[in-house]
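J.: Quick one, structure for this:
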Amino acid sequence: EELEICQAIAPILSSMKIVTSSSWWIRRNSPSLLLLGDGNFDFAKALGFMGYRPKYATTLEARSSKSQPSERGRLRGIDATRVHRNYRIKSAALNGEVETFVWNFPYLDNPNAT
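T.: Numbering: from 1, shown residues only. All right, here's what the predicted structure looks like:
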């Protein structure tokens with residue numbers, strides 16, 4: 001099902017005129033790109049399907065017993081609002097492995113938070 005979603009999204013994204021400039025930016029930055037708040041990783045998967053595999057993608061959701069093991073570069077249980085406290089991400093940023101961060105609508109646990 002996820003592959004079907006990615007296959008459905010990729011042609012739509014690549015046919016959009018706005019993607020012309022965006023795809024250049026993504027292609028240039030994807031080797032060092034960190035996607036924060038990617039939920040079920042569909043955005044990272046769609047980018048990968050188009051040939052632009054981000055270095056890392058994160059989600060706040062922890063792995064459930066039903067979910068598949070994490071793929072390389074997929075980090076679970078990462079709170080994008082507290083990413084500065086995560087050792088693995090800080091390390092990747094400090095050693096140049098990650099140079100570009102993209103927030104993808106991070107989830108806020110507190111419904112009253114602004």
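
J.: Going along the chain, name the helices of this structure.
T.: With DSSP state H as the criterion, the chain has helices at 2-15, 19-29, 42-49, 87-94.

J.: For those, which has the smallest mean pLDDT value?
T.: Lowest mean pLDDT within the helices of the chain: helix 2-15, a mean of 61.

J.: Grab the nearest non-local neighbour of residue 53.
T.: Leaving out its chain neighbours, the residue that sits closest to residue 53 by CB to CB, 6 or more residues apart in numbering is residue 30, at 6.1 Å. No exception for glycine: its C-beta is placed from N, CA and C like everyone else's.

J.: Residue 61 too?
T.: The spatially closest residue to residue 61, leaving aside those adjacent along the chain, is residue 76, at 6.2 Å (CB to CB, 6+ apart).

J.: Report the beta-bridge partners for the one you found.
T.: Here residue 76 shows beta-bridge partners residue 59, assigned using DSSP bridges.
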